[in-house]
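K.L.:
Pasting the sequence and the predicted coordinates here, then a few questions.
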Amino acid sequence: MVRPAFRSLRGYSLDPGFSTRLDTASINEVTYNIPFESLKPGPTGEYIEVVDYDPASGCWYDPIDLSHEELAVQDGHAPSEGNPQFHQQFVYAVAMKTIDHFEKALGRKITWHPRAFTPRERRPKHDDQQTRRAYVQRLRIYPHAMREANAYYNSDKLALLFGYFTAASQIQGANHPGGTVFTCLSPDIVAHETTHAILDSIHHRYMEDTNLDVAAFHEGFADIVALLQRFTFSEMVEHQLAKSRGRFDGATVFGQLATQFGEALQGSRGALRNMIGKWDEKKGQWTRIKADPSDYRDNTEAHDRGAVLVATIFDAFQRIYEHRTSDLVRIATGGTGVLPEGSISTDLVRRLAKEAQSIAEHLLAVCIRALDYCPPIDITFGDYLRAMITADVDIAPRDEGGYRIALIEAFRARGILPDRVNTLSVESLVWNTPELNRKQQSGINTIAKLIQEGVRELAQTEDRHKLFKMSKEIRTKLEKRLNRRSKDFTRREWEALLKKFGLTAEKTSKLFDKKFKDKFIRDGEPAVYTPFIEVHSLRPVYRTSRREGKLIEQVLVTLTQRISTLINEGNEPERRMVFRGGCTIIVDLGALNKVFYVISKNIKNRRRYDEQRKYLRGEKDDVPPPSTSIYSDDDRNWRLDFNLLHQHD
């Protein structure tokens, strides 16, 4: 029997409430086409296990069996707010669609962040101690995890937990006052939470809130993925373009996320997220939000700052869309470029929708692929702009679609400027290739030979568990080599080589100048030590060049170091801070000694250390101290807790 390429499952394109609106009912029930895999009841597959226990009601819901013949022939259950098995089907469909987008853009398989396999009470009590971790086969999804207006990713449990709640008594939108709202039925929320889990698997150190942008990036990036995935539904894109007369800068569904959830909250006036416009209480109408250079500076709360990033990406999308469709509008208007009053033709709508979908698909791939070009720690929005530009240059040296210029314009319009670049040209924004002298290159050659055979075997492996195990073995071998100076190098020469990668072989007492007053600690006690170089990840990737269709084969390696210090002053209670340095290295798979890019954050950067210290102590000008309400309470280093971050009053 021929194995199908896809599994088709019915679901919502927007929130369930849009099925009760006359103008959107016809576009809200769609079919998700996701890669086919053998499934057990749950559904449980290669990446995901849906576990439907409802603690508030104290009951288990029967797991759906999508392999059952009757369900398979009708593309699963019909969309229903009252059928728990449809809820299971829907979270699976949206999560798998999100995973598929990431794997296509990144050119590799997703493996979840490994779980600590010792109980919390037996784990190391201090951030500078290692925790042993084990492979996680599947991300667990709980569609009815709690009776509250919340949904979040739990990094410890490696699970997505979705809540349900009673809508407020106000009449707003399509909500039934006092009715039940299920967060697991919002494709935006499911995609958002799945993205948190995937981002954590790629850059686990982004869970540490080291600057204002870290939590905001997690939130903003998750919304970007949810928003751009909407464009995969042709009927919805055509419907909205026909309604808005070919424009995306008006009140369309593409400027809003989680509408039903937002409308169900007491006192809310619309969607949970608004990127291009919002409800104006004074005017009593929707108004467009114009880009302002102060947007980035003035928005400091995680969701507000994340919304600035989403608005920036959507602004870039609109710029590209208007640029690439201007010829269609000129043809349709006899050269005037001004559409007449009334509805636009169906043919024009379809052509505009096709362009919009193509742009959104490419932009989503750029946004995802850029993760491989980000530093492994301490992310900023400026870093992300440079990562997107570099990622796109790597795939297509010529910017025929104008994507890079549109992104630069959009970031500049909201005051998001990268640190320490001379201009905002593409050449200035692309990450640097390190300049190595002959001896340094020889050292890289030696290290490359050490892992070459293992990396080649890893590149030929498809099994996700084997990928994890083999990668761990290679990383362990590489760690032993990097933490021991080669006999061919003097101390000064070895230090100079490590500096190229943001690392050091010096003891903590020599990292900073003599004015440095904070105490270094290790295992909770004052100590002087050489920071351990950790090979955080090593993974082969395969990407296709946009222009020539050429296969690009690379290896990504991330290296990190950390130091722990006490940052309390005077009689303040003891307060620890973990400061990290390191880099992302991108090398040629065929010749591991050929380094394309090094994206680093230097462990010896005193300015960055002071910035993080001031941020955590709440001493930065015009920036409120980080709220403890968004952090976990288990004594780890300012670690984000999405349960707290996502709660709504």
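P.N.:
In hand now; what should we look at?

K.L.:
Quick one: classify the residue nearest to residue 351 when sequence neighbours are not counted as helix, strand or coil.
P.N.:
Closest residue to residue 351 apart from its sequence neighbours, by Cβ to Cβ, 6 or more residues apart in numbering: residue 328 at 5.5 Å. Backbone N, C-alpha and C define where each C-beta goes, glycine included. Under the three-state scheme (DSSP: H, G, I helix; E, B strand; the rest coil), residue 328 adopts helix.

K.L.:
what's the answer for the one 10 residues further on, then?
P.N.:
Following three-state DSSP, the label given to residue 338 is coil.

K.L.:
Kindly report the same for residue 319.
P.N.:
Quick answer, by three-state DSSP: residue 319 is helix.

K.L.:
what about residue 376, helix or strand, and which?
P.N.:
Residue 376 belongs to no helix or strand when elements are defined using DSSP states H and E.

K.L.:
isn't it right up against residue 581?
P.N.:
No: counting by Cβ atoms under 8 Å, residue 376 sits too far from residue 581 to count as a contact (9.8 Å).

K.L.:
Neighbours of the residue nearest to residue 35 when sequence neighbours are not counted, how many?
P.N.:
Spatial nearest neighbour of residue 35, excluding adjacent residues (Cβ to Cβ, 6+ apart): residue 100 at 5.8 Å. Residue 100: 16 surrounding residues under other Cβ atoms under 10 Å.

K.L.:
oh, and call the first residue 452 from now on, that's how I've got it
P.N.:
Right, with 452 as the first residue, what we last looked at is residue 551.

K.L.:
For residue 454, see how far away the residue nearest to residue 455 when sequence neighbours are not counted is.
P.N.:
Ranked by Cβ to Cβ, 6+ apart and with sequence neighbours excluded, the top spatial neighbour of residue 455 is residue 487, at 4.6 Å. Distance from residue 487 to residue 454, counting by Cβ to Cβ, to the nearest Å: 6 Å.

K.L.:
can you check residue 608 too?
P.N.:
Remark: distance between residue 608 and residue 454 (Cβ to Cβ) = 32 Å.

K.L.:
And for residue 643?
P.N.:
Taken as Cβ to Cβ, the span from residue 643 to residue 454 is 31 Å.

K.L.:
more neighbours, those two?
P.N.:
Neighbour count, other Cβ under 10 Å: between residue 643 and residue 454, residue 643 has more, with 32 against 7.

K.L.:
Am I right that the more buried one is in contact with residue 675?
P.N.:
No: here residue 643 does not reach residue 675: they are 9.7 Å apart, not a contact under Cβ under 8 Å.

K.L.:
Now for residue 827 and residue 1032: what residues contact both?
P.N.:
Here residue 827 and residue 1032 have residue 1011 as joint contacts, going by Cβ atoms under 8 Å, 6 or more residues apart in numbering.

K.L.:
give me the element the residue nearest to residue 541 when sequence neighbours are not counted is part of.
P.N.:
The spatially closest residue to residue 541, leaving aside those adjacent along the chain, is residue 462, at 4.8 Å (Cβ to Cβ, 6+ apart). According to DSSP H and E, residue 462 maps onto strand 457-463.

K.L.:
Identify the residues contacting that strand?
P.N.:
Strand 457-463 has contacts (Cβ under 8 Å, 6+ apart) with 469-470, 479-488, 517, 526-530, 540-541, 543-545, 636-638.

K.L.:
tell me which residues of that strand are tucked away?
P.N.:
For strand 457-463, burial by neighbour count (16 or more other Cβ atoms under 10 Å) applies to 458, 460, 461, 462, 463.

K.L.:
May I see the buried residues of the strand ranked longest in the chain?
P.N.:
When the chain is parsed with DSSP state E, its longest strand is strand 1002-1017. When burial is assessed from 16+ other Cβ under 10 Å, strand 1002-1017 yields the following buried residues: 1003, 1005-1017.
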